[in-house]
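Visitor: Predicted structure and sequence below. I'll ask about it afterward.
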Amino acid sequence: MEFFDRFAVPHPSPAIYASMVAISLTALAVIAGLTHFKKWGYLWREWLTTVDHKRIGIMYLISALLMLFRGGVDAIMLRAQLATPDAKLLDAQHYNEIFTTHGVVMILFMAMPFIMALMNFVVPLQIGARDVAFPRLNALSFWLFFMGAMLFNISFVVGGSPDAGWTSYFPLAGNDFSTSVGTNYYMIAIQIAGIGTLMTGINFMTTILKMRAPGMTMMKMPMFTWSSLVANLIIVFAFPVLTVALAMGTMDRLFGTNFFTTDNGGMDMLWANLFWVWGHPEVYILILPAFGIYSEIISTFARRNLYGYKSMVYSMVVIAAYSFLVWAHHFFTMGQGALTNSIFSITTMAIAVPTGVKIFNWLFTLYKGKIEFTTPMLYAILFIPLFTLGGVTGVMLAMSAADYQYHNTMFLVAHFHNVIIPGVVFAMLAGLTYYWPKMFGFMLNEKIGKWTAWLLSIGFILAFMPMYITGLDGQARRMYTYSESTGFGPLNMVSFIGAAIMGIGFILIVYNIYYSTRYASRDISADPWDARTLEWATHTPVPEYNFAAVPQADSIEPLWDAKKKGHVLFKDKFEKIHMPNNSGMPFIIGCIFFAWGFSFVFGLWVPLIITTIGIFVTMALRSFEKDHGHYISVEKIEETETKLRGAK
Amino acid sequence: MKELFPAKQVMGFVFSLILTAVALIVYFMDMSFAAGMTILLVTAFIQAGLQLVVFMHAGETEDKGAIYTNIYYGVAMALITILGTLLCMIWGYI
């Protein structure tokens, strides 16, 4: 039995046992359901082996929504614990585990896949391509992300959750202070998902640089494509740092090296340094595609072309460069001198300039526009003031001398939620609503959608504005309880109420999906929002090959030109289309990586060696495989096109 | 016949062997840490550049611009990361 002791949760509670039962029951229900409805073959052929960017996008979307709820439940538990002074809902250890999980899940397993979902679905359509540059690599990226996320998520029922914060600073994250396997899970699960993200970065850069429709020069790319290109560029340069840092951390924990220890020549703060060399660009990897989504939405619903296209592009390129120059502002209090801190203060304040340019461009786009308040537009309008507030508090935090007051308090927590929720989360929900008809062939209910947007905004304000005040009053971040005499009680109760309202907002999203699936009209056009770019120029549902003939783009909004100025989008006749074949290999490699990660976490060396060999064998098999894809014949295309065109 | 002989690649191969030999000197000769590191770093970067240009054909397609922009950007980011880290952890650390 001694062997199995390591898999026990070191700090159990009834809630964890209940989760174990719930997870087992859900898994059984899924397996039983798939067997009963005879869907295994369908699942394997249509989803697990797919290399179609649209389906991979939808799988990312489902994972992101699931993780949003996992992280959301964590958030509600944290706020409930802090709602009253001296609360006993969670003990210190569980509180630590929950805020660590909340952070990692929300950033890496919710926001990242949500962005990947929209990028996968939209970018190839927007540039008039048939798929991404490396379709099978794209599937592998997804499965690595998914297996990394699942490995991280089983930690709380097998072996114990990580508890050193989402930043996992050493020496706290070292073996001396984090004795459970939790931090091993952190190191290895993020490593696996991170390799997947790095592959996506290379894949999408190549796609955008090489596969644009004829006539679409770099300066005629739609704004979301531009923002994706810049975000993927940052991924390619930032993620290797994370890979190396995680590998060093893993070696410290499992092989007794001394990279981040406090003795034998180790430098514990080097972890913080490397983490933020990746971590700050990561923030921009999240926010730039969000900016791209807002640009598309604002331009569509203000019925105007985007104001200052060139300045939008240049500001993003400048942000991409600056994002690598500011990381030390995360640890101003670490002990560097005034000169170092001043340098990073100035670069940090400077990055507000290109961001401000973008805000003004959106405002000028809205100015004299015929604004239509649809749900996506409502999110975009709510985003501008709320995000600006977050940006302004960011400049406050950027002042290194003043930062000694804010550092590690609730003020900081309020700030980054203030940029991430209206910035990234609202953009993703707006993008979800905006692209939903293209993905699924019906629109989400507008009334419920607007209720959701308002509830989320009100909940957000109630939840996070009080934290600015308690933070300035000295409520420390990650403190699991406080005494009544501190006076933090009432404001934290307001925060909890705000979090609960946001929770209702998120439940409304699920209800909206359910309601619209049942009742929404399927009789919608391929361009229900009267939009401007190429993704709306093909049919709904989008055929496997995206465009029957390659579209021609002569400006940043080819579809608008086609509608208003008589631009001819499809000049060519149909020709046979070359498409990639499906493959089970990415899924199998993903599964082997999961087993590899699990063995690594628990130091099970024999299975680790076997799975490592397995990974190389699958890669070798791929190298010797001859797969030239398949062709779709002209007759088949005409048949599909006639069917999709309907009775017209 | 001249067009068929890959003179550039053969020269590149010989040069990369020389660079490897120079790097090996560090192991066999007794020199200071600073001198050894300098030799290793310089030969490593020339070697990497050689691989990119000669054997990975960085400048031979119409993507030349995009490829070199990415390489220069990567080098700039690497330098910023390393110098910035030194600034935070050693030079500027009190």
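Guide: Noted; the coordinates are in hand. Residues are numbered from 1 along each chain as shown, chains lettered A, B, ... in the order given.

Visitor: quick one: buried residues of stretch A:634-648?
Guide: Residues of stretch A:634-648 classed as buried by neighbour count (16 or more other CB atoms under 10 Å in any protein chain shown): A:637, A:640. (Glycine included, C-beta is placed from N, CA and C.)

Visitor: do stretch A:451-465 as well
Guide: Within stretch A:451-465, the residues scored as buried using 16+ other CB under 10 Å are A:451-453, A:455-457, A:459-465.

Visitor: which one of those residues sits closest to chain B?
Guide: When these are ranked by distance to chain B (CB to the nearest CB), residue A:464 comes first, at 29.8 Å.

Visitor: quick one: contacts for residue A:482?
Guide: A:82, A:85, A:86, A:475, A:488, A:489 (CB atoms under 8 Å, 6 or more residues apart in numbering or on different chains).

Visitor: Now the last one. Nearest residue, chain neighbours left out?
Guide: Here the nearest residue to residue A:489 in space, its sequence neighbours aside, is residue A:85; by CB to CB, 6 or more residues apart in numbering or on different chains that works out to 4.7 Å.

Visitor: which SS state does that neighbour fall under?
Guide: Judged by DSSP: H, G, I helix; E, B strand; the rest coil, the three-state class of residue A:85 is coil.

Visitor: now the helix or strand where residue A:77 lies: mean pLDDT?
Guide: Per DSSP states H and E: residue A:77 is located in helix A:53-82. Computed over helix A:53-82, the mean pLDDT rounds to 95.

Visitor: For chain A, what's the nearest residue on chain B?
Guide: Closest approach between chain B and chain A, counting by CB to the nearest CB: residue B:92, at 3.2 Å.

Visitor: So what does that residue have for phi and psi?
Guide: Backbone torsions of residue B:92, given as degrees, to the nearest 10, read phi -100, psi 10.

Visitor: residues touching the residue of the stretch 151-300 of chain A found nearest chain B, list them.
Guide: Nearest residue of the stretch 151-300 of chain A to chain B, counting by CB to the nearest CB: residue A:237, 4.8 Å away. Residue A:237 is in contact with A:281, A:324, B:73, B:74, B:77, counting by CB under 8 Å, 6+ apart.

Visitor: Just the residues contacting the helix or strand harbouring the fourth one, thanks.
Guide: Right, residue B:74. Assigned by DSSP H and E, residue B:74 falls within helix B:64-86. Helix B:64-86 has contacts (CB under 8 Å, 6+ apart) with A:209, A:233, A:236-237, A:241, A:270, A:273-274, A:277, A:324-325, A:327-328, B:52, B:58-59, B:61.

Visitor: One more: stretch A:420-430?
Guide: A:64, A:106, A:111, A:114-115, A:118, A:286-287, A:289-291, A:293-294, A:297, A:375-377, A:379-380, A:382-383, A:386-387, A:390, A:452-453, A:456-457, A:460, A:464, A:509.

Visitor: same question, stretch B:8-25
Guide: By CB under 8 Å, 6+ apart, the residues outside stretch B:8-25 that reach it are B:39, B:40, B:43, B:44, B:46, B:47, B:50, B:51, B:54, B:55.

Visitor: Filter these down to the ones in strands?
Guide: Here DSSP state E is the test, and the contacts of stretch B:8-25 give no hits in strands at all.

Visitor: Closest to residue A:195 out of those?
Guide: Using CB to CB, residue B:51 is the member of the contacts of stretch B:8-25 that lies nearest residue A:195, at 22.6 Å.

Visitor: Number of residues surrounding the closest one?
Guide: Number of residues near residue B:51 (other CB atoms under 10 Å in any protein chain shown) recorded here: 13.

Visitor: per-residue pLDDT, the residue of the stretch 251-400 of chain A found nearest chain B?
Guide: Nearest residue of the stretch 251-400 of chain A to chain B: residue A:340, at 3.2 Å (CB to the nearest CB). Listed pLDDT for residue A:340 reads 92.

Visitor: Sketch out the low-pLDDT regions of the chain for me.
Guide: Just going to use chain A. For chain A, applying pLDDT under 70 flags the ranges A:1, A:646-648.

Visitor: Oops, wrong one, chain B.
Guide: B:1.

Visitor: got the residue ranges for the helices in it?
Guide: Under the criterion DSSP state H, chain B carries helices at the ranges B:7-28, B:33-50, B:64-86.

Visitor: In space, what's closest to the residue of chain B closest to chain A - neighbours in sequence excluded?
Guide: residue A:340 (3.2 Å).

Visitor: who touches the one you found in this structure?
Guide: A:328, B:87, B:88, B:91, B:92, B:93.

Visitor: which of those residues sit farthest apart?
Guide: When CB to CB is used, the two most widely separated members of the contacts of residue A:340 are A:328 and B:91, lying 12.3 Å apart.

Visitor: which one of those two has more residues nearby?
Guide: residue A:328 (28 against 13).

Visitor: Skipping its backbone neighbours, what lies nearest that one in space?
Guide: residue A:344 is the one closest to residue A:328 (CB to CB, 6+ apart), at 4.1 Å.

Visitor: give the contact list for the one you found.
Guide: A:325, A:326, A:327, A:328, A:329, A:332, A:400.

Visitor: returning to what we had before: mean neighbour count added to the helices of chain B, as JSON lines?
Guide: Listed next are those as JSON lines, based on neighbours: other CB atoms under 10 Å in any protein chain shown:
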{"stretch": "helix B:7-28", "mean neighbour count": "12"}
{"stretch": "helix B:33-50", "mean neighbour count": "13"}
{"stretch": "helix B:64-86", "mean neighbour count": "15"}
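
Visitor: Ok, which of those comes nearest residue A:101?
Guide: Of these, nearest to residue A:101 by CB to CB is helix B:64-86, at 28.9 Å.

Visitor: what angle sits between that closest one and helix B:33-50?
Guide: 160 degrees (axes from the mean of the first three to the mean of the last three CA atoms, to 10 degrees).

Visitor: now helix B:64-86: how far from the chain's centre is it?
Guide: The chain centroid and the centroid of helix B:64-86 are separated by 13 Å, computed with CA atoms, centre = their mean, to the nearest Å.

Visitor: and chain A, which residues reach chain B?
Guide: In this structure, chain A approaches chain B at residues A:209-210, A:233, A:236-237, A:241, A:267, A:269-270, A:273-274, A:277, A:324-325, A:327-328, A:331, A:334-337, A:339-341, A:343, judged by CB under 8 Å from any CB of the partner chain.

Visitor: could you flag which of those residues are buried?
Guide: A:209, A:233, A:236-237, A:241, A:267, A:269-270, A:273-274, A:277, A:324-325, A:327-328, A:331, A:334, A:336, A:340-341, A:343.

Visitor: taking these one by one, which sit in helices?
Guide: Members of these lying in helices (criterion: DSSP H): A:209, A:233, A:236-237, A:241, A:269-270, A:273-274, A:277, A:340-341, A:343.

Visitor: Report the residue ranges of every domain in chain B.
Guide: For chain B, automatic domain parsing gives the domain ranges B:1-56, B:61-94.

Visitor: Which one, of these, ends up nearest to residue A:162?
Guide: The closest of the domains of chain B to residue A:162 is domain B:61-94. By CB to CB, the value is 25.0 Å.

Visitor: From start to finish, how long is stretch B:26-38 in a straight line?
Guide: 10 Å (CA to CA, to the nearest Å).

Visitor: From the chain's centroid, how far away is that stretch?
Guide: 18 Å.

Visitor: Determine if any part of it is in contact with chain A.
Guide: No: using CB under 8 Å from any CB, stretch B:26-38 never reaches chain A; the gap is at least 14.4 Å.

Visitor: What lies in contact with that stretch?
Guide: Here stretch B:26-38 has contacts from B:39, B:40, using CB under 8 Å, 6+ apart.
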